[in-house]
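predicted structure and sequence below. I'll ask about it afterward.
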Amino acid sequence: EITIPDSVTSISVYAFNDCKSLTSVTIPDSVTSIDDWTFSSCTSLTSIEVSGNNKNYSSADGVLFNKDKSELITYPAGKTDSEYVIPNSVTSIGRYAFSGCKSLTSITIPDSVTSIGDYAFCSCENLTSITIPGSVTSIGNYAFERCESLTSVIIPDSVTSIGSSAFFDCVSLKSIEVSGNNKNYTSLDGVLFNKDKTELITYPAGKTDSEYVIPNSVTSIGYSAFENCTSLTSVTIPNDVTSIGYGVFQGCTSLTSVTIPNSVTSIDSSAFSSCTSLIGITIPNSVTSIGYGVFQDCTSLSSVTIP
């Protein structure tokens, strides 16, 4: 346990990082700023209590909020509740807010919430379902990273932005469905695209298909779009795709073949790293740049043709 003295006005980023035995923290009136990730990897932390006279922060049931409870800042990772209903006063879920909360299987987000911050639910390994309400307009980078038990997600009409790798390493995720009236995103067979299907954003890692033909409308493949899709053995890339982005097929351990069309001019870093079943690949004459670590840890790769 720790009681922060009244002389403290700010708590820095990573201040209590990796304090795995810490169970409770008491924050005094004097604290005016608390940085992101202050309580990262505090796996035994069950309670953050804020003095009632603090003008910037408050707490309820051991959960840290800003003063008017419009932002949920930190849900302690050591709390043992399996379900949590976010208060109706909350309009934003902060960066790392639920990160590492391994006991939670269900979180109810109220209609008041408009934004889900970066890494908000990162490593909530037992979270099996989540309903994103029609009030949410933005989903941050890596918002659901490593939610290993999450099987499906429905994106409502209201969402206008989805951050990079929002569903990264969700190994059980089989489907991302987008409401038909969403003006920015769409889905096809559980795969997430931008509205006109020119960008493939995320192919869910838990899909069990062995082969996938990317639609002909696609011209770009998003950051880490197929990362850790371990069931895929073959992917066909259409002729209008001009670049293969960072980490697109990283960790696709069953991938044995990829056809790269002559439209592709660049292959970014780590694009095929840890594709341990990839035997050979031919890079077409159109390619002018290959990033670092593209074939790192491709332990079966015996042939690469570079133009």
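Thanks, I have the structure now. These numbers come from a predicted model, not from an experiment.

what's near enough to touch the closest residue to Thr208 other than its chain neighbours?
Beyond its immediate neighbours in the sequence, the residue positioned closest to Thr208 (Cβ to Cβ, 6 or more residues apart in numbering) is Ser231, lying 4.9 Å away. The way it works is simple: take the backbone N, C-alpha and C, and place the C-beta from them, glycine included. Contact criterion Cβ atoms under 8 Å, 6 or more residues apart in numbering gives Lys207, Thr208, Asp209, Ser210, Ser254 as the residues in contact with Ser231.

switch the cut-off to 10 Å
Under the criterion of Cβ atoms under 10 Å, 6 or more residues apart in numbering, the contact list for Ser231 reads Ala205, Gly206, Lys207, Thr208, Asp209, Ser210, Glu211, Tyr212, Cys252, Thr253, Ser254, Leu255.

adding pLDDT and secondary structure, write those residues out as JSON lines.
Shown next, in JSON lines, are the contacts of Ser231 (pLDDT from 0 to 100; DSSP: H, G, I helix; E, B strand; the rest coil):
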{"residue": "Ala205", "pLDDT": "96", "secondary structure": "coil"}
{"residue": "Gly206", "pLDDT": "96", "secondary structure": "coil"}
{"residue": "Lys207", "pLDDT": "96", "secondary structure": "coil"}
{"residue": "Thr208", "pLDDT": "96", "secondary structure": "coil"}
{"residue": "Asp209", "pLDDT": "96", "secondary structure": "coil"}
{"residue": "Ser210", "pLDDT": "96", "secondary structure": "coil"}
{"residue": "Glu211", "pLDDT": "96", "secondary structure": "strand"}
{"residue": "Tyr212", "pLDDT": "96", "secondary structure": "strand"}
{"residue": "Cys252", "pLDDT": "97", "secondary structure": "coil"}
{"residue": "Thr253", "pLDDT": "97", "secondary structure": "coil"}
{"residue": "Ser254", "pLDDT": "97", "secondary structure": "coil"}
{"residue": "Leu255", "pLDDT": "96", "secondary structure": "coil"}
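
what helices or strands is the stretch of helix or strand Val235 belongs to leaning on?
Taking DSSP states H and E as the criterion, the element that holds Val235 is strand 234-236. Contacts of strand 234-236 with other secondary structure elements, assessed using 3 or more Cβ pairs under 10 Å, 6 or more residues apart in numbering; DSSP states H and E, are made with strand 211-213, strand 257-259.

list the neighbouring strands of the last one plus their orientation.
Note on strand 257-259: by DSSP bridges, its sheet partners are strand 234-236 (parallel).

the first one too?
Here strand 211-213 has these sheet partners by DSSP bridges: strand 234-236 (parallel).

enumerate the positions of the strand it pairs with that are buried.
Judged by neighbour count (16 or more other Cβ atoms under 10 Å), strand 234-236 contains these buried residues: Val235.

how about residues contacting it?
In this structure, residues lying in contact with strand 234-236 by Cβ under 10 Å, 6+ apart are 203, 209-214, 221, 226, 229, 248-249, 252, 254-261.

please indicate which of those residues are buried?
By the neighbour-count criterion of 16+ other Cβ under 10 Å, these include these buried positions: Tyr203, Tyr212, Ile214, Ile221, Phe226, Cys229, Val248, Phe249, Cys252, Leu255, Val258, Ile260.

got TSV for the contacts of Ser231, with distance to Gly78 too?
Below are those laid out as TSV (distance: Cβ to Cβ, whole Å):
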residue	distance to Gly78
Ala205	28
Gly206	28
Lys207	33
Thr208	34
Asp209	38
Ser210	40
Glu211	43
Tyr212	40
Cys252	35
Thr253	33
Ser254	37
Leu255	38
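
so what touches stretch 293-307?
Counting contacts by Cβ under 10 Å, 6+ apart, the residues outside stretch 293-307 that touch it are 244, 246-247, 249-251, 253, 255-256, 267-288, 290.

for that stretch, buried residues please.
For stretch 293-307, a neighbour-count test (16+ other Cβ under 10 Å) marks Gly293, Val294, Phe295, Cys298, Leu301 as buried.

next: stretch 8-19.
Neighbour-count burial for stretch 8-19, counted by 16+ other Cβ under 10 Å, picks out Ile11, Ala15, Phe16, Cys19.

next up, the contacts around the residue nearest to the first one when sequence neighbours are not counted.
Put plainly, it is Ile11. Counting by Cβ to Cβ, 6+ apart, Ile34 is the residue found nearest to Ile11 once chain neighbours are left out, at 4.7 Å. Under the criterion of Cβ under 10 Å, 6+ apart, the neighbours of Ile34 are 10-13, 15, 27, 48, 50, 56-57, 64, 66, 73-74.
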